[in-house]
Each structure stands twice: as C-alpha cells, then as structure tokens.
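1. Here is my input, please return the structure:
(chains A and B)
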2 protein chains.
Amino acid sequence: MSDRIFRVNMSDLSVKLEECPSQWAGLGGRGLTSSIVASEVDPCCHALGPSNKLVFAPGLLSGTVAANSGRLSCGAKSPLTGTIKESNAGGTAAQMLARLGCKALVIEGAPAGDRWYSLRVTPDGVIIDTEEELVGRGNYAVAESVRQRLGEKYGVISIGPAGEMKMAVANISVKDPDGRLRSHGRGGLGAVMGSKGVKFIAIEPTDNTISIADPERFSRASRAFAQALAKHPVTEGLASYGTDILVNIVNEAGALPARNFTLGQFEGHDSISGETMHERIKERGGKVRHGCHKGCVIQCSQVYNDKQGRYLTSGFEYESIWAMGADCCVDDLDIIAEADHLMDDIGIDTIETSVAIGVAMEAGILDFGDGREALRILREEVAKGTPFGRIIGGGAAVTGKAFGVTRVPVVKNQAIPAYDPRAVKGIGITYATSTMGADHTAGYTIATNILNCGGHVDPLSKEGQVELSRNLQIATAAVDSTGMCIFTAFAILDDETCLPALVDMINARFGTDLAAEDVTSLGARILKTEHDFNMRAGFTAADDRLPEFFALEELPPHNVKWDFTQDEIDSFWDF
Amino acid sequence: MSDRIFRVNMSDLSVKLEECPSQWAGLGGRGLTSSIVASEVDPCCHALGPSNKLVFAPGLLSGTVAANSGRLSCGAKSPLTGTIKESNAGGTAAQMLARLGCKALVIEGAPAGDRWYSLRVTPDGVIIDTEEELVGRGNYAVAESVRQRLGEKYGVISIGPAGEMKMAVANISVKDPDGRLRSHGRGGLGAVMGSKGVKFIAIEPTDNTISIADPERFSRASRAFAQALAKHPVTEGLASYGTDILVNIVNEAGALPARNFTLGQFEGHDSISGETMHERIKERGGKVRHGCHKGCVIQCSQVYNDKQGRYLTSGFEYESIWAMGADCCVDDLDIIAEADHLMDDIGIDTIETSVAIGVAMEAGILDFGDGREALRILREEVAKGTPFGRIIGGGAAVTGKAFGVTRVPVVKNQAIPAYDPRAVKGIGITYATSTMGADHTAGYTIATNILNCGGHVDPLSKEGQVELSRNLQIATAAVDSTGMCIFTAFAILDDETCLPALVDMINARFGTDLAAEDVTSLGARILKTEHDFNMRAGFTAADDRLPEFFALEELPPHNVKWDFTQDEIDSFWDF
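-> Predicted coordinates:
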C-alpha cells in the first residue's frame, strides 16, 4: 500500500484518506508541505481563516533507520509573515506518521465558534474528538495527559495557550522520545492550528515498518551516511556543547547581536556560553548529549537541570539563549532556561518572543537585562493573554508598531535571529531573500562564513555571499524534504561520501535512480514554488530587504553597515 | 516674489527657504505633497525614521477668496499603511500658509532622543524652538496655550499625546476659525510629526494677500463657482444636517456597517441620525451650521453642546458617528460626541480608532454597545499609552493581529469607513484601489451610487463601478490639489457651470490657460505618481483587495457578498 494523504476538514468534521497524486509522489517534508500549500491555499486568504490549511509531512526518509531522518515538516500560510511557511521539528511524530503510511496530514476548514478538538491518527485514518479538559493548558500538561489517557507510546503534536489565543508567535510542540518537547518554532503555525480548533494530535503507535525497495543498498548507504556525520568535527562539537557552542564563536566574530541589535558583542557572553552550559549540566546531573529523535547520531540536544537537580528544559538552543540572553542583555543562564521552559509550555517561538521583548526594552517598557521581569511577562502577561501579552504575542513587528520603535529587527515581519547581518553578510542575504522571512536555517551561511565548512567566504565582504546563500538555500530546501536534520549539512558540505550516501538511501527506499543533481534541482524547484506563492500573496523584491537601520547604523566592533544594493540582493533569484 | 518651499531639518535643526522647482510650480495641495514625497522619500524607509518627510501644502487656490478653498494637504509615507499618504483638513492653516508665500512646508530628518520642538512659520522662514510645557498635552490645550503665548490670530497645527507616542492612529490637528479643531485624520500622519519631534507648528498672521494675475476674471469665476455650490441640493442638505444626514440614507440603503461589519443596518440608527443631531443642537444652543474655514459656503460643520449647553464637539462627522455608533453598536449620540471630543484632543483618527474598538468588541474584550467602556478606553488606555491603548492605537489591523480576529475591515491596514462595500459596490472599488488604503474620500462613489449626483449607478450591481470609481478618484486627486473641499464635487458633477468656473479661477490666479481636460490629466498624473510610489514600496495588485470575509459572508438585508474578480478590480488601473 502506498503512502496516503490524511485529510481532515474542521468545518464539517469530515475525514478522508486519499491516494497521493502522482506529481507529489516523489516529495516529502518541506517539498510536500510547500507544494500542497502552494496548490491548495489562496495566497491572499486570511491565515487564521477557513481557507488556510495546516499540513504536516514526514520527510522522504523518516521512519527508516537512516540516521537523523526524524524531522517533521509543518506548513501553511503564516499569520506572522503572510508568506508560505515551513517549519520543521524533531520528536517522534515524523517517524510515527511515516510508519502509519501517512505521507501528509492536511487540516483544513475551521470550526464555527470557540470549539476545541483533538485528532487521533490511526492506520485507518483520523478520528476527531471534542476536547475540553486540556483547553487552556500548557504543552507539558498536554503531553502528560495524552500519556495517561492513551499510553506512553503515543506521539503528540500540540499547541499551548498561545496557539489557542491565535498569537502570531505561537508554535507547535512535538513530543520527543523522553516525553519532552520539540517545536515547529517559527512563523506562528501554532495560531493556524488554534484557528482550526485542534488542541492536540495523538499518533497511534504501530509495529509497521517502512517498505524499502532495496534493503541491502539502503543499509550500506545508511552506514556510510552515519559514519560521515559522526566523524565531522562540527557535529562532534555540537554533541559536546550543543548549538550553544556558538555563543563564544559568534561573539568573537563580532556578530552576536546584543541590546536589540545595537552591538555585535555581548559583555556577558561567557555566562551564557556552551562551555558554561556544559559544566553546569554536568554539575547538576543533566544530560550533555541528547537526541531529539531516535536515530540521531549528533545528539546536539541536552537536558538542563535547575540548581536542585530537577529537570528545567531540553533542546536548549543557541538561538533561544542568544535571544533572551544577548539580545535582551540577560546574562543568567538559569533565567534563560526557565524562560525557555515557559515558552515551550506556553507554546511560543523563543526567537520571536524574546526579540519582541528586546524591542519592548528598546521602547523602555522594561530594562535591558531584567530577566526576572521577562519571566513575569511570559508567565503573567503572554500566558494569560493580557493586552501587553498580546502585543508581545504579536511578535517583534507588532511590538515595534505598538510602541512606535524604529529599530525593529524583522524581515517580512519575522524576527531576525542570532547572527548580525552586518557582520556576517551571507546570512543577511538569507534573511532578505528567504521565502520564510528572516530565518537562519533557510540557508545557514554561518557554516561557511564562520565555521569554514564547505570552504570559507569572508563574512565582512560582500564577495560571494549571494552565491553562497543561494547554494545553501537550494540545498536546504532539498534536505528539508528528506526528513534529515539541517546539521547533516556540515558533513554534506565537507565529506564527499555524504551526499551520494543520502541520495543512495532515497533511491534504495523508493527504487528510484536519482543523481545528486536531481536533489539540487528539487531544492531549486521548492524555492521557486514557495517564491511564486509569495508573489501571488503580494510580496515583491521590495520585501526582500533588511530593515533600514542596518544600513544607517554601524555595528561595533567592526563598525560595519549593511551595504548590499537592491540589484545585488535581487540577483539571488537568478536561477 | 513667487511662492517658496519652507524646509526644516529636525536632525540638525536647520531651516531653508527654497525656490519651488519648475516641475512643481503648477502643483498645490495633494498634487504637491505627493510629488515631493514620491521624489524625495525612499519608499522602503521606516515611516517613523529620519528618511521619511512630512509635507504640508495649501491648495492652488488656498488663500484667495475662492469659496471652499481652505483645505490643507498633509503628506508622507504612512506608518499605518506603508503607502504614500495625503490627508487634507480645513482650519485656518492653508490660507495662512498660502498668504505667507509658503507653497509647501517640508519637515525632514529626526532629532536624536526624546526631544520636543515647536516650529513658527514666518514670512522669512521657520523658527525652531524647544518645547517642554506642552509635551503630553491634548490638542485643545495646545491651541489654547498658543493663543495665550502668541495671540488669537496665529494658526496652529499640532499633535496630541497619541502623536507623541507615535501611534499609527495619530492624526494632526488644525485650528479652525473659532479656535477649535479640524484634523488630518487618516494614515497616522500624527505619528510622523511625532517622530520629527514637532509638537506644534504656529503660523504667523499676515496682511499679505495672494497675487492674482487677472483679478476681474477671478472675481467673476469665483462668484459663479460659489453660486453653483450654494444652490446644489446635496450641499443644501449638508448645511442643515451636516454629513450625519447620511445615517438614515445609508441605513435605508442597507449599507450602514453595523456590529463590526456583520450587518448592513443599525437598529439604533434614529438615535444617531443627522435629524436627531439637528434637533438636539437646536435645543441646546449649539450651531447647526458652521464652516471649518473662512469662505466656506456649505457649512456642513456644527457645534454640538452637551446637556448643560456647554461646548462638547464640532466637526462632528457622519463617519465618526458611524464608527463609534453603528460599527460599535453605541446608540447614544452624547457618548459618541464625548468620544469625538476625546479623540480630537488625544489626536487620533475617529474612524481608525473606533473601528479598532469594534474589532476588540469582536474579540470579546468589551461588549458591543458599551459606549461607557469605549470612553474609558480612550481616556484611560489610549491617552495614557497603556498596553491595551497601544493595541487600539496601532489601528484596526494591529488590533486584529493582537487578538487573532479574522473579521478585520481594513485595506492596506487602514480601516474601512462607513459604507459597506458589499452593498455599495462602487465604494468597494475605491477602497480596494485607492493609493491611500481604504478611504471613502478618495473616490466618493456614494455620490452616484446613493445620492444620484452625476447620474445613478446601481449600488448592488457590479456594472459601471470600476469606471465610476476611476473617474471620481481622478477628479478627486485634482480637486484635492486646488485646496477645494471635496463637497464641491457634488456641484461639479451636476452643474455644468461649476468645473469651468473652478478652472477659470486657477487660470485667473496664475495667468495660465488650462482647460478642463488639463485638470483631469493632472488628477490622473497624481494617482499614477502615488501608485508608482506604492509599487516601489512593495505593493502589488494583491494589495488592491478587500479582506476575505467580504467574499465569504453575506451582508443583510440585501444578503450580498463582494463578488468582483481580481481582473475586474485590476482593470481600474487601465488609464
């Protein structure tokens, strides 16, 4: 039986199982979510209305034993950016959906009034139930409640109170193998799930395995791929220090945005660095290494305990730590960890929310560095949907509008993450041109600008940045379709056995005969599909711009400005 | 001496007097503000940053004795819509600036930090003073304080606390002949003035008169023009009942948006109608007729007193009464008048603010009909800049985003005013295509759809609406450049002596030889200039759309939807 599309209509509470149309057969993950959204959603619709659709799709290799293939893509028209959106997350859901034969779960329509439901995905389709008990509860409570109701092994995808309130910062949580949370963080997809009236999706466990056309070839390729990952120096570093290893590296490069993007280095960088986190985790009996999904050989996640040795948070990423840390000038890792836990539980994007708080600090609503007040705001304002909580919950752009701030670091209304584009010019091209709004993962030029993976391109020069960003964005769109974690890219860039092994796995799984170029052309096609959606939604080259202040204000210590011409940026799309 | 451009730079506090470049010599009012903004402002700049410019320009005939020629245009890139913006107002300023030889006052740059200034416009240029006393004060207090400091005869242009807080709903007030307030209401221009650090502009009185090339011809034309205005039935009706005469007319047409655009008629329409207002004004010793500027022969304004016979508000317009009345279901004219007074004083657009409150009602934050709570919100939240006040102060679109509402009546982020586009389809075309965001004054098809001026086009049919809106938008852009009040359009549409008299006045004033077609082609050129600015700012045809809900939801009593195709709308620009 070939994989099918599970379709749920929340207007009339009907469900359907559909054969996958042939033009989508070779797609998974982002390639599939973006194709479905681009073909079925009116680009000018209200993102929170019945015309939008929320699409989940495991990657092409999800559910197999391929290393690091457990990422789940989620797509829709974004209520934050108004663009098409794909956000992917770890956790157990991708592998479980794939093994249920679910190529994509499409949630469409919207219930009348304020009604809440849960979905249960089974091998025979989706069962819709009304839900009352968990309305208003946080993601941790939802995961625990589903465990009690249905058992340990169920997968869970859920929203917290922020998604219910349809905040543009709302994310979607996915249960990880230890019952903790991973997130489809960016673009407000939790608000779309909230607008569909879906509080959570439970995924039934199954003994099914994924059918593999050529098991022996798959096994061989899979081993080669895992080895290439395991031996790459950057992925090794990630295993010891997590992504937070970047704090000191990016600070040293003068590209760590501090104090709402007025500085390129943060005085308190040592207090929030990966090295500090590593020591603290060890002291407190947490876990230095931790995988967000089964089969991960990198294990960049961790379990961070509080002073009493009790679980505080996990999946504690560099960008989250930067956002509440350097950007808001908070130099206390425990406070940042508590904020991370709260944001996961409320169900909000750590980057968008913290950058919005930084903008509120700029407006004088609270002081830079006041982490306690930030915690209070999360707990008492955002979680409860007070007016100020609604402003922060609208994201950095809405916060800037509400308080009349001009230094608002967003592209297409999405907050710029943890790398200043004046000091790492390649990532600025990615922010400007990404189909998703400002997004470092869309084309992570830090790899080549700072970490020297795939060669080196001087971060302070304009030379070569457009090409670098283009190549990485194309490759990333393809990788995001396989279910592979983005961190496989380091090995793909540097180890010539890695990409062939990945392509080999796809061929062995589906009995196809793709070459490496086919993967690249898939990536290019996905970007064009997404870009076309955005154009139809009314976006133009004028939206592929960084905020004006990057061109007006110099960033210390390099005292650099953003200096790309419009034509230089627009040449990104010449492919 | 020919009229000059008065230029003020708030970055370095420098002032200049410039000869008007020849290409702008034939322009005034909107034609001039839009030309200066389009040529000098980067369309992608932050509207509240130093790159934006705030431009005031009297009309071509302002300062002469021509009837109804006292309108002042104000232009900038709008912080509300992101488009180019022109908003015009009555009051004494246009005539005073024109007599000072000021063709345009351009305010550019921005002061560092939170510093406040006043400008004094004199025959020799502009004097900049620091201002402390009036910071935080309302527009009524500013007008009174300038009267005390400089004397009765000074003109005053000012912002209230909302403009200081850079709220996107902030307007700019202009003192009228009785020391009361008229407003450049729409598009958040008060926030731009606030971003320049300018609390008020005082205009020195002068005995200068405007030089007229052919005084006798001017006099003749001016008499003919005034006669045509005075005898037109609609302008007669406006004189007795004010614009509020429209409540019962539009309600009868089933096009009075009620309860946040869910109904086309308002149960309480009688309580807020022009007829009711007329009786009440007479009972309480107010003024039924009142001109917003010297030389107005229509006198649609009025002075509305409270129960004790004390002044409450003036310039109490249909759209303001509709917005707080029918849209928010408030059926008490005294409460609406008090709200109008408060909004004038705080310095906020009555339409944008009240529609935002309607959206908050939709979100359940307050009840429909709760006018007392609306007053509290204006006084305690918006005026004080509390978080909820900031949400409302961000306008209807921000309010919708903050509360996750899907029924948000805006085009290009500007609130849709008092005529439902499903039941008056011509005005829907104006809302969709106007270069200003949703704006009834940009092409007031109500004239022909409902009032049968310039013929009749069935409001419920799509037939002829695009052409009607196009013709009116072109004519309006030209009229907005003369300094003429938009209500001259009724006579222009119906009385064949009226337009020739207007053109004659322009020719007599400047010694030119324009024909009626030249005026039309001026209007077309202005629209194209504005549209081009918007395109460069990143707007596309996809922005020329009404919100999705108008196509999804039927409006009673006619049970009509918005049913124009995209191509039909886009054909507007075929000229």
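2. The strand or helix carrying residue A:88 packs against which elements?
-> Assigned by DSSP states H and E, residue A:88 falls within strand A:84-89. Here strand A:84-89 touches helix A:29-40, strand A:72-77, strand A:172-175, strand A:181-184, helix A:516-536, going by 3 or more Cβ pairs under 8 Å, 6 or more residues apart in numbering or on different chains; DSSP states H and E. C-beta coordinates here come from the backbone N, C-alpha and C atoms, glycine included.
3. quick check, the third one touching chain B?
-> No - if you take Cβ under 8 Å from any Cβ of the partner chain as the test, strand A:172-175 misses chain B, and the best it gets is 15.4 Å.
4. Remind me what that strand packs against, helices and strands.
-> Using 3+ Cβ pairs under 8 Å, 6+ apart, the elements in contact with strand A:172-175 are strand A:84-89, helix A:139-150, strand A:155-158, strand A:181-184, helix A:189-195.
5. what lines up beside that strand in the sheet?
-> Here strand A:172-175 is paired, per DSSP bridges, with strand A:155-158 (antiparallel), strand A:181-184 (antiparallel).
6. if you skip the residues just before and after it, what's nearest to whichever residue of the stretch 351-500 of chain A sits closest to chain B?
-> Residue nearest to chain B within the stretch 351-500 of chain A: residue A:404 (2.6 Å; Cβ to the nearest Cβ). Closest residue in space to residue A:404, ignoring its immediate chain neighbours: residue B:166 at 2.6 Å, by Cβ to Cβ, 6 or more residues apart in numbering or on different chains.
7. Over to residue A:299?
-> Residue A:299's closest residue in space is residue A:289 (Cβ to Cβ, 6+ apart), at 4.1 Å.
8. wait, isn't that neighbour in contact with residue A:302?
-> Yes - using Cβ atoms under 8 Å, residue A:289 is in contact with residue A:302, at 6.7 Å.
9. Comparing those two, which residue is more hemmed in?
-> residue A:302 (25 against 17; other Cβ atoms under 10 Å in any protein chain shown).
10. The more buried one falls within a helix, correct?
-> No - assessed by DSSP: H, G, I helix; E, B strand; the rest coil, residue A:302 does not belong to a helix; its assignment is strand.
11. Hmm, it is touching residue A:287, no?
-> Yes - using Cβ under 8 Å, residue A:302 is in contact with residue A:287, at 5.6 Å.
12. Need the overlap of contacts for these two.
-> Counting by Cβ atoms under 8 Å, 6 or more residues apart in numbering or on different chains, the contacts common to residue A:302 and residue A:287 are A:281, A:314.
13. who in the stretch 151-300 of chain A is up against chain B?
-> By Cβ under 8 Å from any Cβ, the residues of the stretch 151-300 of chain A that approach chain B are A:165-168, A:191, A:194-195.
14. out of those residues, which is most surrounded?
-> Compared across those, residue A:167 has the highest neighbour count, 37 neighbours, by other Cβ under 10 Å.
15. residues near the closest residue to that residue other than its chain neighbours, how many?
-> Closest residue in space to residue A:167, ignoring its immediate chain neighbours: residue A:393 at 3.4 Å, by Cβ to Cβ, 6+ apart. When neighbours are defined as other Cβ under 10 Å, residue A:393 has 33 of them.
16. shouldn't residue A:572 be in contact with residue A:469?
-> Yes - counting by Cβ under 8 Å, residue A:572 does reach residue A:469; the two are 6.6 Å apart.
17. higher neighbour count, those two?
-> Applying other Cβ under 10 Å to residue A:572 and residue A:469 shows that residue A:469 carries more neighbours, namely 29 against 23.
18. I'd like the distance between the residue nearest to the more buried one when sequence neighbours are not counted and residue A:448.
-> With sequence-adjacent residues excluded and distances taken as Cβ to Cβ, 6+ apart, residue A:469 is closest to residue A:429, at 3.9 Å. Note on residue A:429: its distance to residue A:448, by Cβ to Cβ, to the nearest Å, is 12 Å.
19. if we can go back for a sec, wait, the residue nearest to residue A:167 touches residue B:401, no?
-> No - using Cβ under 8 Å as the test, residue A:393 is too far from residue B:401 to be in contact (9.3 Å).
20. what is in contact with the two at once?
-> residue A:168.
21. who's in contact with residue A:487?
-> By Cβ under 8 Å, 6+ apart, the residues touching residue A:487 are A:68, A:234-235, A:238, A:298, A:300.
22. then stretch A:17-29 to PDB, C-alphas only?
-> C-alpha atoms of stretch A:17-29 as PDB (Å, rounded to 0.1, in the frame of the first residue of the first chain):
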ATOM      1  CA  LEU A  17      -7.900   9.100   3.100                       C
ATOM      2  CA  GLU A  18      -6.600  10.000  -0.300                       C
ATOM      3  CA  GLU A  19      -4.100   8.400  -2.700                       C
ATOM      4  CA  CYS A  20      -1.200  10.700  -3.200                       C
ATOM      5  CA  PRO A  21      -1.400  12.400  -6.600                       C
ATOM      6  CA  SER A  22       1.400  11.300  -8.800                       C
ATOM      7  CA  GLN A  23       3.000  14.800  -9.000                       C
ATOM      8  CA  TRP A  24       3.600  14.700  -5.300                       C
ATOM      9  CA  ALA A  25       4.800  11.100  -5.100                       C
ATOM     10  CA  GLY A  26       8.500  12.000  -5.000                       C
ATOM     11  CA  LEU A  27       8.100  14.600  -2.400                       C
ATOM     12  CA  GLY A  28       8.300  14.600   1.400                       C
ATOM     13  CA  GLY A  29       8.800  17.100   4.200                       C
END
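23. Buried residues of it, list them for me.
-> For stretch A:17-29, burial by neighbour count (16 or more other Cβ atoms under 10 Å in any protein chain shown) applies to A:20, A:24, A:26-29.
24. Now do the helices in the stretch 101-250 of chain A.
-> For the stretch 101-250 of chain A, applying DSSP state H, counting those that start in this stretch gives helices covering A:139-150, A:161-164, A:189-195, A:215-231, A:233-241, A:246-252.
25. which residues touch the closest residue in space to residue A:568 that isn't next to it in sequence?
-> Spatially, and ignoring its direct neighbours in sequence, residue A:568 is nearest to residue A:466 (6.4 Å; Cβ to Cβ, 6+ apart). Going by Cβ under 8 Å, 6+ apart, residue A:466 touches A:429, A:568-569, A:571-572.
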